[in-house]
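>>> Sequence first, then the predicted structure, then my questions.
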Amino acid sequence: MAYLLIFLPLVASFVAGFFGRSLGDKKSQLITCSAVTISALISIYYFFDVALGKQIYNYKIINWISSDKLILNWSIYIDTLTSVMLVVVTSVSALVHIYSIGYMSHDPDKPRFMSYLSLFTFMMLMLVTSDNFLQLFFGWEGVGLASYLLIGFWFKKPSANAAAIKAFVVNRVGDFGLAIGIFLLFKYLGTLNFSEVFQQISSLQNEKLSMLGMEGSLITFICVFLFIGAMGKSAQIVLHTWLPDAMEGPTPVSALIHAATMVTAGVFLVVRCSPIFEYSQFALNLIVFIGATTAFFAATIGLVQNDIKRVIAYSTCSQLGYMFFAAGLGAYHIAIFHLFTHAFFKALLFLGAGSVIHAFHEEQDMRNMGGVWKKIPYTYALMIIGTLALTGFPFLAGFYSKDAIIEVAFQSKSILANYALFIGIFTAFMTSLYSWRLIFKTFHGNFRNKNIDLSKVHESPFVMLLPLVGLSIGAIFSGFVFKDYFIGSYFMEFWNNSIFFIKQFTLNHPPLWFLLITPTLVLAAIPIAYYLFVKNENFLKQFIDTNKPLYNFLLNKWYFDELYDFIFVNPAKKIGKFFWNIGDILIIDGFGPNGFAKIVKLVSDRAVQFQSGFLYHYAFVILIGLSILLTYIIIF
Amino acid sequence: MNFPILSIIIFLPLVGVLFILLNSGDEIKVKKTSFRVSLLTSLLVFIMSLFLWLQFDNTTKDFQFVENKKWIVDFINYRVGVDGISILFVVLTAFITPICIVATYNSVTNRTKDFFIALLVMETMMLGVFCSLDLFIFYLFFEAGLIPMFLIVGIWGGIRRVYAAFKFFLYTLFGSVFMLVAIIFIYLETGTTDIQTILSFNIDQKYQYWLWLGFFASFAVKTPMWPVHTWLPDAHVEAPTSGSVILAAILLKMAGYGFIRFSLGFFPIASAYFAPLIFALSIVAVIYTSLVALMQKDMKKLIAYSSVAHMGFVTIGIFAFNSQGIEGSIFQMISHGIVSAALFLCVGVVYDRMHTREISEYGGVVNTMPRYSVIFLVFILAGLGLPGTSGFVGEFLVLIGAFKANYLVAFFAATGVVLSACYSLWLYRRVIFGAVANDNVKLLKEINKTELATLLPLVFLTILLGVFPNIILDTISVSVENVISVYNEKLLILKQASIK
C-alpha cells in the first residue's frame, strides 16, 4: 500500500504528461485527481496506523547506488514525522488538484499542468519517505524541478521564465550547502542512512574541524551546511529572494508548493536531523537567529506590498521563520505542529486569493480591487477564516501553534530567545496588520478596478469552492483537535522517537498576563487596520510621505534583489565575458596556437626570402655556412 | 585461443568500409546503400559488444577475451583485451556510432559516402584504443583516430572549418608527441610494450615524473583541461552534428581512460605528486568554463564549454584516488558521453531547420516543437546534474570522492553545480520558452521519426542510469578496486624503496 501511496502520483503524472493530448482534458484531470486523492486516503490510514498505532515501516524498494562503502537504497520509510508530512502533502495536494480543474478551466494546457502537479507530489513524497540523505536529496531537487516547471508554466511570460530560473538557481545555492553537509557526514561516518547516521553521530561529538579558515566542532559544520540547504528551500533571509518572484506561477501552484509543502521541506529537514542538530548549540542558535530575523523582515515587507499573492508569499516566509526559531529553540514538535496548521490556512488563503483573482479576471493588484465582498460572499467568508487562523485568533489553528512557539521563546532564558520572543510577539501583531490590510483592500472600500465592471465580478464555481471549504475545516479545527497529540503532555509517545531531544523537553505554563499579550495585540490590529486602510487613508498617505525612504526600503524588499544583481549576477556575466574574450581568445589562443602559428609564419616568410632563386644568394649562404663550419672545426 | 570476438568487433567496421567502397554509380543510390551498409555494420558491432558485456565476468579483475598475436617479431605484439573499465567504453562507442550514422543520413548532403567511411574508420580506431593491451598498439589507434576526425571537421564543417580542423589536429598532435617519447622511453627501460607487464613493473621514481608529464601532455589536451581547451569549442562549432557527437561522446573519453589506465597504473608516485596540479587545473576548468559558457551566444559553443567543465569533474575524480572518485569519474564519462551526444543532436535538430546556431535567433520553439522541447529538457536537466538522471550520479560520486581526498577541491568544484544550472537553464529559456520570436521559428516542423530514433534511446538511457546506476557500477567496481589497490601497493613499495 505504501507503494501505491508513493507511485500513484508518478504514474498519473506520466499518463497525463505523455498521453494527455490523446486522452483529453477531462480524462487527464480525472486520472491525476483520483490518483492523488487515493494517495491522500492512504496517507490518512498511515497516519492512524503509524502515529496513533505506534508503528514504523521501512520498505526497501531496490538498491540505488553501491560504490564501495556507499550503499544507498530507494526506500520508503514511514514514522510519525513522515506520516504527518504525508497527510499534509497529499491532502493539500488532492484539494489543489481539484481546485485546479476550475482555476485552469480557460487554459489550453490542462493535462500538462496536472501532470506537473502530480509530478511534484511524487517528488515531495520521495523527499519525506526517504530513509537516507541521498533519496532526500533526490526529492529535494525533484521538487525544485517541479517548482521550476510550474513557476514557468506560462512560458510566454518573460517574467515567469525569469522567476522559474531564479527559483531553481537560488535553491541550487542552498543545495550546494546541503550537499557539502552530506559529504561531511559520509566522510566521517561512512554512511548516509538516517538510522546509522543518527546512531553514530554522538561519536563525533568532540571532533574538531578546520574548514575554510574557520575552526569549530565537526557537528557544527555539518549542521550549518545542512541548514544552508534548508534556508534555500524554505526561503529564509539571504536565500529568500526566489519565493516572492515564484508568485508568477499559477495560484494553485503557490498554494501547494510555495505555502503548504515544498517550502516547509527545510523545516522537515531540520526536524528530521534533530539527532544531529541537538549536538550543536551554535547551529541551533544560528537557526533561531535566522528564523526570527526572517519572521520580522518578511512581515515588514508584507505590510507594503500591493500584489495580493506577494503579500501572502511574504507572510509564508515570515511564518517559516517562526517554524525555524521554534526548531532552533529545541521545540521541534511545535515547529512541525505549526507547519501542520500553517499548511491548511495558508493554502486556504492562497486558493482564496486565487478565487479573488479569478473573480477579477486575472487581476492581482490590490489597488485595483475593493468593495466586492457582497459579490463574492463565499470567497470572502473563507478568506476571513484563513486570516483569522493565520493571525492566531483564539481557538483557531494558528492560535495553538503560534502561541506555543512564543511560549517556548518566553520559557528559554537567553539573549537570543528574548530576541526571538520580542520578534515573535511584534511579528504576530504585524501579521494581523498586513492580513487585515489584505482583506480590507481586497473586499472593502470602493470598487477601484477600471478595466472591468463591478457586475462582471463573479463568484467562483463549486469545484473551486469545495477545496476551500475542506481547507477551512482544517484551518479551524486542526489546532484544537491535534494539539494534544502534537504538543500535549504525551507528545513523546506520539512522536515515537522520530524526533530526538537531548534533554527532556518540558513546556511550563506561562503566567496568564503573558498568555494574553499576543491575542490582545492581534485583535487590536483589526480596528487599526480598518482605520488605516478603509476609514482614513489620508493619514496613511501622510505617514508614507513623511517616511518616504523607509517606505521605499520596504517596498523594494530591503533591496536584496538589487544587491544580488550587483554582487553576483552582473560580475558573473562580466567575468564570464572577460574569461572568454581576454582569457581564451586573447591570452590562450593568442600566445598558444594562434601565436605559435604567427611565429611559424613569420619565420617561414623570412626563410622564403632566402629562396630567391638567384644563384649568387645561394652561393653567399653556402660560403658563410662553410666558414662557420671551418671555424668550429679549427677552434674545437 | 578462443573465438577472437574482440578483434572482430574492432575490425568489423573496416569490413563495412570495404563494402561501401565497392559500390558506385548513381549518387542517391550510393548514399542509400552506403547508409544501409554502415548502419548494419555498426549495429552488428553494437550487438556484439552487448553480447560481450553479457559474457563479461565482473567478479574478476583480470583482463578478459584476451588475444595475443606476434606482429612485429620480438618487438610488438598485437594484444587486445578488456577489463571492467574498458568494456563500458567499448559498449559506449558501439552504441553511439549507429546513432551518429542515422544523424548523418539526415543532415549531411555532400559526399555522404565518404562521411560514412570516415565514421566507420573512426569507430575501429576508438574501439582499438579501449581494447589494446599494448602501448604501441594503443598509440597507433589513439593517433590514427585523429585523421578521420580531422577530415570530418575539415571537409564537412562550417565556415571556419579549416582553421578549426588544423587547430584540433595540431593541438592534439603536439600533446601526443610527448606521449610517444614517453612510450619509447618506457620500452627502453622495461624492454616491453605490453601493458599488463608494465602495470606490474615498478618504474623508477626518478623517471616517473617526466614520463607522467609526457602522458599528461597528451591526455590534458584531449580531455581537454584548462588552459589547453581552446581547440574544443572551435572544433565543435565547425564540426557537423555527428562529428560533434563522436568528439564529445567518445574522443574526449580516451583521455580519461588513459589517465586511469596509464597515469595511475604506471606512475603512482608521480600521480600522487601531481594530483594538486590536476585539481587546480580542473577547478579552474569547472569555474572558468562555466562562466564562459554563461556568456556564449552560440548554442554549440555553450555546450562545448560545458563539456570542458564536465570533464573537469572527471579528472578531479580520478585523482582523488578512492573508489567513489574513480567510479564516479567513469560514470561521469559514460553519462557525459550520452548526455553531451544528445545535446549536440538536439542542437543539430534545430540547426537543420534554421541553419543558425545563434541563440538570439531562437525563442518560443516550444510553441512549434513541444515534443522536441521535452526531450531537450531531459538532457538539459541531466547536464546540470539533476538527481534521477545519469548526470547526477557521476557528479555526486566524484564530489564525494574528492571531498574525502581534499574538501576544498570538492567545495570549489561544487560551485560548478550552481553555475551549470545557470547556463543550462538560461540557454533553455532563451531557445525554447517565450513567445515565438520570428517567422522562422513559426515555420519550424516538429521533430521527425528519424530524429526521434536517435534521441529516444538516449533519453531512456539517461533516466535508466540515473535510477539504476548499478548497471554500470557493478561492472566497474572490481576493476576499480584493483586499480586502487595496485596503486596503493606500488606507492608503498616505492616509498619504502626510496627510504632505504
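Here it is on my side, so go on.

>>> Spell out, range by range, the strands that occur in chain B.
Taking DSSP state E to define them, one finds strands in chain B at B:64-72, B:76-82.

>>> Pull out the buried positions in the longest one.
The one in question is strand B:64-72. B:Q64, B:F65, B:V66, B:E67 (16 or more other C-beta atoms under 10 Å in any protein chain shown). Quick note: C-beta positions are derived from backbone N, CA and C, even for glycine.

>>> pretty sure the last one contacts B:Y78?
So the one you mean is B:E67. Yes - B:E67 lies in contact with B:Y78 (C-beta atoms under 8 Å); the separation is 7.5 Å.

>>> Of all the strands of chain B, which one is nearest A:W580?
Nearest of the strands of chain B to A:W580, taken as C-beta to C-beta: strand B:76-82 at 40.0 Å.

>>> Which strands or helices does that closest one pack on?
helix B:5-22, strand B:64-72, helix B:112-131, helix B:135-144 (3 or more C-beta pairs under 8 Å, 6 or more residues apart in numbering or on different chains; DSSP states H and E).

>>> Please identify the deepest-packed of the ones you listed.
Each of the helices and strands packed on strand B:76-82 was scored by mean neighbour count; the highest is helix B:112-131, a mean of 25, by mean count of other C-beta atoms under 10 Å in any protein chain shown.

>>> which helices and strands sit right next to that helix?
helix B:5-22, helix B:27-55, strand B:76-82, helix B:84-107, helix B:135-144, helix B:146-156, helix B:241-246, helix B:252-258.

>>> Pull the contacting residues for B:F468.
Residues in contact with B:F468, defined by C-beta atoms under 8 Å, 6 or more residues apart in numbering or on different chains, are A:I62, A:W64.

>>> go on, the one 10 residues further on?
B:V478 makes contacts with B:N58, B:T59, B:T60, B:K61, B:G84, as judged by C-beta under 8 Å, 6+ apart.

>>> picking that back up, in a markdown table: the helices and strands packed on strand B:76-82, plus mean pLDDT.
Below are the helices and strands packed on strand B:76-82 laid out as a markdown table (pLDDT from 0 to 100):
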| stretch | mean pLDDT |
| --- | --- |
| helix B:5-22 | 86 |
| strand B:64-72 | 80 |
| helix B:112-131 | 89 |
| helix B:135-144 | 88 |
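
>>> Nearest to B:S335, out of those?
Nearest to B:S335, of all the helices and strands packed on strand B:76-82, is helix B:112-131, at 16.9 Å by C-beta to C-beta.

>>> and the angle for the closest one with helix B:135-144?
With axes from the mean of the first three to the mean of the last three C-alpha atoms, to 10 degrees applied, the angle from helix B:112-131 to helix B:135-144 works out at 150 degrees.

>>> Just send the contacts of B:V478 back as CSV, with distance to chain A, pLDDT and neighbour count too.
Shown next, in CSV, are these (distance: C-beta to the nearest C-beta, whole Å; pLDDT from 0 to 100; neighbours: other C-beta atoms under 10 Å in any protein chain shown):
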residue, distance to chain A, pLDDT, neighbour count
B:N58, 13, 81, 16
B:T59, 15, 84, 8
B:T60, 18, 83, 13
B:K61, 15, 82, 15
B:G84, 13, 86, 27
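
>>> B:E27: which of those residues is nearest?
B:G84 (45.3 Å).

>>> what's the single longest helix in chain B?
In chain B, with assignment by DSSP state H, the single longest helix is helix B:323-354.

>>> how much distance is there from that helix to the middle of the chain?
9 Å (C-alpha atoms, centre = their mean, to the nearest Å).

>>> Quick check: buried residues in it?
Residues B:323-351, B:353-354 are the ones in helix B:323-354 that count as buried (16+ other C-beta under 10 Å).

>>> Likewise for stretch B:191-200?
B:T192, B:T193, B:D194, B:I195, B:Q196, B:I198, B:L199.

>>> Apart from its chain neighbours, what residue comes closest to A:K483?
Excluding the flanking residues, the one nearest A:K483 by C-beta to C-beta, 6 or more residues apart in numbering or on different chains is A:Y400, at 4.7 Å.

>>> same deal with B:F313?
B:V398 (4.9 Å).

>>> what's the answer for A:W495, then?
A:T80 (5.2 Å).

>>> isn't that neighbour right next to A:E493, touching?
No - A:T80 is beyond contact range of A:E493, at 9.6 Å (criterion: C-beta under 8 Å).

>>> quick one, phi/psi of A:N496?
Backbone torsions of A:N496, given as degrees, to the nearest 10, read phi 50, psi 50.

>>> Revised request: answer the last question for A:S130.
A:S130 adopts backbone torsions of phi -70, psi 150, taken as degrees, to the nearest 10.

>>> CSV please, covering the buried residues of strand B:64-72 and showing distance to chain A.
Converted to CSV, the buried residues of strand B:64-72 look like this (distance: C-beta to the nearest C-beta, whole Å):
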residue, distance to chain A
B:Q64, 22
B:F65, 25
B:V66, 27
B:E67, 31
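
>>> With A:G181 as the reference, measure out to A:V270.
Separation of A:V270 from A:G181 (C-beta to C-beta, to the nearest Å): 12 Å.

>>> ok, these two, which is more surrounded?
A:V270 (29 against 24; other C-beta atoms under 10 Å in any protein chain shown).

>>> rewinding a little: wait, does the longest helix of chain B contact chain A?
Yes - counting by C-beta under 8 Å from any C-beta of the partner chain, chain A has neighbours in helix B:323-354: B:S323, B:Q324, B:E327, B:G328.

>>> And the helix or strand hosting A:G232, what does it pack against?
If you go by DSSP states H and E, A:G232 is part of helix A:218-233. With contacts defined as 3+ C-beta pairs under 8 Å, 6+ apart, helix A:218-233 has these neighbours: helix A:133-151, helix A:158-189, strand A:208-211, helix A:265-272, helix A:274-277, helix A:281-302.

>>> Could you rerun that using 10 Å?
Other elements packing on helix A:218-233 under the criterion 3 or more C-beta pairs under 10 Å, 6 or more residues apart in numbering or on different chains; DSSP states H and E are helix A:133-151, helix A:158-189, strand A:208-211, strand A:214-217, helix A:265-272, helix A:274-277, helix A:281-302, helix A:308-328.

>>> Could you tell me which residues make contact with residue 477?
All of this refers to chain A. A:T341, A:F344, A:A389, A:F395, A:L396, A:A397 (C-beta atoms under 10 Å, 6 or more residues apart in numbering or on different chains).

>>> wrong one, I was asking about chain B
A:S66, A:S67, A:D68, B:N58, B:T59, B:G84, B:S323, B:I326, B:E327, B:N470.

>>> got a pLDDT number for it?
Looking at B:S477, its pLDDT reads 88.

>>> Could you pull up the mean pLDDT of stretch B:308-328?
Average pLDDT, stretch B:308-328: 91.

>>> What about the residue nearest to B:F313, how many residues nearby?
Number of residues near B:V398 (other C-beta under 10 Å) recorded here: 30.

>>> hang on, isn't it packed against B:H336?
No - in this structure, B:V398 is not within contact of B:H336 by C-beta atoms under 10 Å, at 11.2 Å.
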